[in-house]
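*Asks:* just need the structure, nothing else, for what follows:
(chains A, B and C)
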Amino acid sequence: STEGFVQSTSDGSSKIRLGGSVNLDSTWYSAPSQLNQDLNYPLQSGVSLRRAVIELEGTLWNSIEFAFKADLAQSTDLQKSPNNPQPNVFFTDNWIGSTDLFFPGRIRFGHQKNPLTFEAATSSKNIPFMENSAAYDALNDNFIYLTGISYGNSWWDDRLTLYVDVAKPGSRTSVFSVSSDGKVAVLGRLHGFPIYNEEEQYWLYLGGGYSAGGQINDQASVYARPLIRSGSSFQTPFLVNTGNLFSESSNQAFGVGGFAAWGRFALGSEYLGSYLPNAYQNGLPGTVNSLALGNLYGQGFYVEALYFLTPDHHPADKIAGGLGRVKPVSPLRPLREDTGAGSGLGAWELAARYDRLDSGRNYPGWGSMASWTAGVNWYWNANARMMFNYVYTQLDDRTSVNGSMQALGIRFAIDF
Amino acid sequence: STEGFVQSTSDGSSKIRLGGSVNLDSTWYSAPSQLNQDLNYPLQSGVSLRRAVIELEGTLWNSIEFAFKADLAQSTDLQKSPNNPQPNVFFTDNWIGSTDLFFPGRIRFGHQKNPLTFEAATSSKNIPFMENSAAYDALNDNFIYLTGISYGNSWWDDRLTLYVDVAKPGSRTSVFSVSSDGKVAVLGRLHGFPIYNEEEQYWLYLGGGYSAGGQINDQASVYARPLIRSGSSFQTPFLVNTGNLFSESSNQAFGVGGFAAWGRFALGSEYLGSYLPNAYQNGLPGTVNSLALGNLYGQGFYVEALYFLTPDHHPADKIAGGLGRVKPVSPLRPLREDTGAGSGLGAWELAARYDRLDSGRNYPGWGSMASWTAGVNWYWNANARMMFNYVYTQLDDRTSVNGSMQALGIRFAIDF
Amino acid sequence: STEGFVQSTSDGSSKIRLGGSVNLDSTWYSAPSQLNQDLNYPLQSGVSLRRAVIELEGTLWNSIEFAFKADLAQSTDLQKSPNNPQPNVFFTDNWIGSTDLFFPGRIRFGHQKNPLTFEAATSSKNIPFMENSAAYDALNDNFIYLTGISYGNSWWDDRLTLYVDVAKPGSRTSVFSVSSDGKVAVLGRLHGFPIYNEEEQYWLYLGGGYSAGGQINDQASVYARPLIRSGSSFQTPFLVNTGNLFSESSNQAFGVGGFAAWGRFALGSEYLGSYLPNAYQNGLPGTVNSLALGNLYGQGFYVEALYFLTPDHHPADKIAGGLGRVKPVSPLRPLREDTGAGSGLGAWELAARYDRLDSGRNYPGWGSMASWTAGVNWYWNANARMMFNYVYTQLDDRTSVNGSMQALGIRFAIDF
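*Replies:* Numbering: from 1, shown residues only, chains lettered A, B, ... in the order given. Got it, this is the predicted structure:
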C-alpha cells in the first residue's frame, strides 16, 4: 500500500490518513585532517536516523484539508539545549485549508512548505539524491517551512500553477512565532509543464520563484552542510558558514530552472540567488565590533541527470511542481514456486549531479563549495528503497583552509 | 467521521481508537507599554500550535477501558530547561479502568482529569471560548490532571453523577510522581441534570466540587494567563501571579454553578474559591526572608451566554458533566452541481462572557483581573471549526501597574 | 485484538501494523535510612509511566520487513540535560530487513535488539516479573539495543536458531552513532528447543550467547537498579555502581541457561558473565588520578519458577528464544445475563525468583546484590494485565554501607 492507514466515510467525501517515513543513513567520510580541524565540528562516520516522521492528513467534505506532520528523528539531540534550545521534535506541515470551497483554488493557514524551486518542492520521499543541493541548503532551507497563509491555483489541467504566501519569518522548525515588529515574509512561485504526457512518460517543467523577508535579522546566515550527513544535528559541520549576519533590510531570494523526463531519462538544472543589502557582522551599527560587509549576494546551481536501468520512470507532481513517486514496474520479490508468481528486482537507477554554492565573499569559513555526486537508487517497491551516494566536494575561496573531501552514504528509506 | 481510526473485534466487545487534535492559534495584543513591562514577559503577537494531541483509547471485553494521550505542542519549549526542566511532551489522560465490571461504577487508575466544575469537565474539543475563564486557570488548572485512583457512578439514566478520587499531588504535567512524605490530594464532585431532554434540545446542569491537597507546598501559587495565548509556554506572561506560596497546610478549592441550554441558547455561570491557610512567601518559617501572609482566599466566577445563528445546539455530556460535541445540522460544503448535493454554511454561534479573578491580596503583580470576551464560533462540521475571540481585560488592585489590555485571537481546530 | 491496527493489501503479501504499549507502575520502598543515604539518589515511593511505546511494523511483498518503535515515557526527563543530555524519546527497534528474500534467513539493518539470553530475548510485553534480573541490568542492558547489521536463521521447524550481528557500540538509546575509531561490537547466540510440543504445552529451551566490544570505553560500567523502579530515570538510584571504567581492551560478555515449561509450570535459570581486561578508574593511564583495577569480572544468575492457578500456560517464541504471549483461556469479563455469556476471571499466576549479581570487587558502592522476588500476575486477557511484585534485596561486599531493602510494585500493562 502506498497510502498508509486510511479511514473514509461511506460516501468517500471525508477521509483521514495516518502515515510515516523513516530514513536510516550510514555514512563514511574522508577529509584531510587540516580541513577537518578547520570545520566547526569534525566529520565523523556514523549511522543515524535521518528522518522519523509521523503524518496525519485528511480531507473533510471533499473541500477542507489538513495536515499534521512531525519529525522525531532529532529527539535525542539535546546537546545544544542549555544555551541555544534546539527543538527535538520538528513540526513540518501543520495546516488547515480548503480546495475550491467557495471560489477556485487552495487556501492554507498554518505551518507549510514554501518552495522556491522544483528541487525544494520535491518531497523527501521522492528526492533522487540523499540530500538536496548545497545551494538549496544555504539559500532556501532556512525558510522552507514558515507559519502563514498561502494561496495556490492551477489552470489548464494543472499545467500552470501559481503559488503565493505571506508568513511570519523565523518559524522554520516549529509552529510558533511571536514578535512585536510585525515583519512578514512573502513568496511567489509560478511554474508549468508546457509538455506533459504521463502515458508516454515524458514531461518538461519550467518555473521560478521569488521570496523576500524569509529570514529574520540575525538568522540571515548562509551555511551549507555536507551532501551526506551523519549523527545528531549538532554533530553535522558546516562546510560553508557565514555565521550570523545582521541587516535592517530584508533578504531576497529567487530560484529559476527546468526539469525534463523522457522515459528512463531525466535531466534538470536550477539556479538560486540570495541578496542581503547592507549586511553587518557581529551586530548592527552601534553594536561593539559591528563590521560592515556591504551588500551580499550568494548564489548556486545544480545540474543533474538520472537514468533507469530498468523500464521505469520518474513521474512529475504537476501541482507541487516537483518529482512524484517512483512505482517500480517489477517490485522486488523472490520467485515463489508455490504460487508461480515471478520474481522481481525492483527499479534500478543511476544518478549524477554537479552542484555549486558561492557564498559571495572570501572569509575564514566562507568561500565556495562544488560537489560531484554519483548515485545508485534501488527502489524495492513504491514504499521502500535504498540509496547509494558518493560525493566529492571541493572547498575553495576560503581565507582559511581549502581542500577537498569525499563521502559515501547509504540510505534505507521506508514510507507509507 | 467523528471517531478517528477505530479497530473492533468482530463481536464489537473490544475496540481501540486512534485519534488526535490540533489547535492553531493566531493572536494580536494591545497593551500600554507601562503595563506590558510590568509583566514577567511582554505580550507579543504571534502564531502558535496550542495543542497537538495524540490519543489512543480502548475498551476490552465491554468492561475494561484505557486512554493514553500526549500533547506534543510544546515540543520546542526547551527554554526553561537548564534550571527548571519543562516537559516538552505533556501527558494528559493515561489510565486504565473498568466500567461495571464486578460491581457498578467506573474505576480508573493512573493519570486522569480532576475537574471541579462544568467548565473544567468540558473537553478542550468542545469549549465555546478559546480559553477557560481566569478563575479556572488560577484555581483549578494546577491540579486538573493528577495521578491516582478515581471512582465514579451515575444513577437515574445518568441524570445524577458522583465522582471521587485520591491522587498524588504535583503530577500535573507528567505521569510520574515520587515523594517520601505520603501526602495525597482528594477530590469529590456531585452533579446532575434535573432537566434533560436531548430530543427537544433543552437541559439544565447543576453541580459542585471540592478538593483538598491538590497543590504541593511550593506550587500553591495563584496565577492566571491571558485569555488568548501565544507562543511557547515560557513566552506567555502571567497577568495575575502570586509567585510561589508556602504552607504546612493543604490548600482547599471548591466550585459550584449551573449551565442551561434551550435550543439555540445556552447560559452558564460558575464560582470557584481556593483557600490556603497560614501561607508564607519566600519559604516556610525558618527560611531567610520568610514572610507570613496569613490565610489566603482567592476566588473568581464567570457568566457566559451562547447563541447559534443557525438551527444548531449544544448537547451536554451527562456523565462528564460538561458540554458535548456540536454537530452542525448543515456542514460546510460548496454546492455540487454534478451530484445535486446542496451547499452548507456550517454552524455559526455568537458567544459572550464576563469573568473575574481576585487573588485575595493587593501586591505587586497580584490583584484582580476582569475580562469581557466576545466570540464568534464557526463550526465547519463535527470535527473542524474556527473560533474568533476578542478579549478586553482590566487589571486592578495591584500595588504596581494597573491598566487594561485587549487581545484578538483566531483558532483553527481539527480533531478526529 | 492482539494485533493493533493492521492494514493489508488485498493479496495479504504486504501489511503494516500500528501498535503500542503502556506500563503504569506504582512503587513503595522500605530501606534503612543509612543505606538510602549511601545511594546516589534516595529511594522514593511513587507512580510513574514505565513505558509508553509507539510501534510501527510492516511486511512488504512477504519478504521485506521493517520496525520503528519509540518510547516516550521519559519525555519529561530533562533533569540531566545541562551536563549530560538524556534523550527523552528512546528509539528501540528501528530497522529494515528481509526474510528468505534471495537466500535463506533474516537480515536486518539498523537499530535492533542484541539479546544474550532467554530473559533478554523475551519482549517486555511478556516478562513474568516487573523487571529483568539484576545480572541482565548490569551486564547486558547497556548494549541490548545497538545500530548494526544482523543475520539470523532457523532450522528444523525453528527448533534451532543462530543469530549473529556486527554493530556500532554506544548507540543504546538512540539510532545514531558517530565515531572516528571504527570500533565495532560483535554478538553471536545459538539457541534451540530440543523438546517442543505446543499442543501438549511443554517445551525446553537451551541456549547461550557471546558478545565482545558492546560497551565503549568510558561506558563499561557495571550498574544495577532496584528490581522495582520509580520516577524519572534520574530518580532511580543504582544499588550496584562501579562508575565509569576505562580500558583499551574490549569488554566481553556471555550468557548461558535453560528454560522449561510443562503445562501450568515453568522453570528457568541463566548465568551471565562479563570480563573487562586492564580496567582503570578515573581514566586511562596518563590521566590524572588514573587507578589500575586489573582485570574485572562481573557475574550473576537467576532461578525462577512460575505456576498458573488457572489452566493457562506460557508459550515460547521459538525464533526469538524467549517467552511468548499469554492468552488466558478465560478472559476477564462479568456475567452478561442478557447475552448468556459466562463470566471470566482471567489468568492468575504465582511467580518466584532468586537472582544475584556480583560486581567482582569490594568498593564503596560496588559489591554484590541478591534479591528474592515474589509475584502475582493477573492476565485480564491477551492485551492487558496487572503485576504485583514484592522484592527483598540484600546488598553486601560493599566497603561503604551494606544492608537490605524491600520494595512493593504494582503494574498495569496494556499493549495492542
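*Asks:* please name the nearest non-neighbouring residue to the most centrally placed residue in chain A.
*Replies:* Central residue of chain A (Cα atoms, centre = their mean): residue A:120, 4.6 Å from the mean position. Spatial nearest neighbour of residue A:120, chain neighbours left out: residue A:140 (5.3 Å); criterion: Cβ to Cβ, 6 or more residues apart in numbering or on different chains. C-beta here means a position set from N, CA and C on the backbone, and glycine is covered the same way.
*Asks:* surely the one you found meets residue A:113?
*Replies:* No - between residue A:140 and residue A:113 there is no contact under Cβ atoms under 8 Å: 10.5 Å.
*Asks:* who has more neighbours out of these two?
*Replies:* When residue A:140 and residue A:113 are compared for neighbours, residue A:140 comes out ahead with 26 against 19, by other Cβ atoms under 10 Å in any protein chain shown.
*Asks:* contacts only, for the more buried one.
*Replies:* A:115, A:116, A:117, A:120, A:253, A:255, A:272 (Cβ atoms under 8 Å, 6 or more residues apart in numbering or on different chains).
*Asks:* list just the nearest of those to residue C:191.
*Replies:* residue A:120 (50.7 Å; Cβ to Cβ).
*Asks:* strands along the stretch 301-416 of chain A, start to end?
*Replies:* A:316-317, A:322-323, A:347-358, A:368-381, A:384-396, A:403-415 (DSSP state E, counting those that start in this stretch).
*Asks:* for those strands, which one sits closest to chain C?
*Replies:* Closest to chain C of those is strand A:403-415 (Cβ to the nearest Cβ; 4.4 Å).
*Asks:* now the helices for chain A?
*Replies:* Assigned helices in chain A, in chain order: A:33-38, A:118-121, A:134-139 (criterion: DSSP state H).
*Asks:* buried residues, the shortest one. List them.
*Replies:* Buried residues in helix A:118-121, counted by 16 or more other Cβ atoms under 10 Å in any protein chain shown: A:118, A:119, A:120, A:121.
*Asks:* on that earlier part again, possible to save the contacts of residue A:140 as a markdown table with pLDDT?
*Replies:* As requested, the contacts of residue A:140 are exported to a markdown table (pLDDT from 0 to 100):
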| residue | pLDDT |
| --- | --- |
| A:115 | 92 |
| A:116 | 94 |
| A:117 | 96 |
| A:120 | 95 |
| A:253 | 91 |
| A:255 | 96 |
| A:272 | 95 |
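*Asks:* model confidence score at the nearest residue to residue A:306 once chain neighbours are set aside, please.
*Replies:* Sequence neighbours aside, residue A:266 is the residue nearest to residue A:306 in space, at 4.1 Å (criterion: Cβ to Cβ, 6+ apart). Listed pLDDT for residue A:266 reads 97.
*Asks:* repeat that for residue A:372.
*Replies:* Per-residue pLDDT puts residue A:372 at 98.
*Asks:* one more: residue A:46?
*Replies:* 79.
*Asks:* tell me the most buried of the helices of chain A?
*Replies:* Mean neighbour count (mean count of other Cβ atoms under 10 Å in any protein chain shown) peaks for helix A:134-139 among these, with a mean of 27.
*Asks:* can you tell me what sits against that one?
*Replies:* By Cβ under 8 Å, 6+ apart, the list of residues contacting helix A:134-139 from outside reads A:117, A:119-120, A:131, A:222-225, A:227, A:239-240, A:253, A:255, A:270-274, A:298-302, A:355-357, A:359, A:369, A:371.
*Asks:* any idea of the mean pLDDT in it?
*Replies:* For helix A:134-139, the per-residue pLDDT averages 92.
*Asks:* contact partners for the closest residue to residue A:308 other than its chain neighbours?
*Replies:* Spatial nearest neighbour of residue A:308, excluding adjacent residues (Cβ to Cβ, 6+ apart): residue A:264 at 4.0 Å. Contact analysis of residue A:264 by Cβ under 8 Å, 6+ apart lists A:307, A:308, A:309, A:311, A:312, A:313.
*Asks:* how many neighbouring residues does the second one have?
*Replies:* Read that as residue A:308. By other Cβ under 10 Å, 22 other residues sit near residue A:308.
*Asks:* residue A:307 and residue A:262, how far apart?
*Replies:* As judged by Cβ to Cβ, to the nearest Å, residue A:307 and residue A:262 stand 11 Å apart.
*Asks:* and what of residue A:329?
*Replies:* Residue A:329 sits 17 Å away from residue A:262, going by Cβ to Cβ.
*Asks:* can you give me the pLDDT of residue A:220?
*Replies:* For residue A:220, the model assigns a pLDDT of 64.
*Asks:* again with the one 3 residues further on
*Replies:* Note for residue A:223: predicted pLDDT of 82.
*Asks:* how about residue A:205?
*Replies:* At residue A:205, pLDDT is 98.
*Asks:* just list whatever residues bridge to residue A:149.
*Replies:* residue A:109, residue A:166 (DSSP bridges).
*Asks:* neighbours around it, how many?
*Replies:* 18.
*Asks:* residues contacting residue A:104?
*Replies:* With Cβ under 8 Å, 6+ apart, residue A:104 has these contacts: residue A:153.
*Asks:* mind checking how far it is from residue B:229?
*Replies:* Plainly put, residue A:104 is 35 Å away from residue B:229 if you go by Cβ to Cβ.
*Asks:* re the thing from before, reformat the strands of the stretch 301-416 of chain A as CSV; add distance to chain B and mean neighbour count.
*Replies:* What follows is the strands of the stretch 301-416 of chain A, written out as CSV (distance: least, Cβ to the nearest Cβ, whole Å; neighbours: other Cβ atoms under 10 Å in any protein chain shown):
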stretch, distance to chain B, mean neighbour count
strand A:316-317, 24, 20
strand A:322-323, 25, 24
strand A:347-358, 28, 21
strand A:368-381, 24, 21
strand A:384-396, 23, 19
strand A:403-415, 18, 20
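*Asks:* which one of those strands lies nearest to residue A:63?
*Replies:* Across the strands of the stretch 301-416 of chain A, closest to residue A:63 is strand A:316-317 (Cβ to Cβ), at 20.8 Å.
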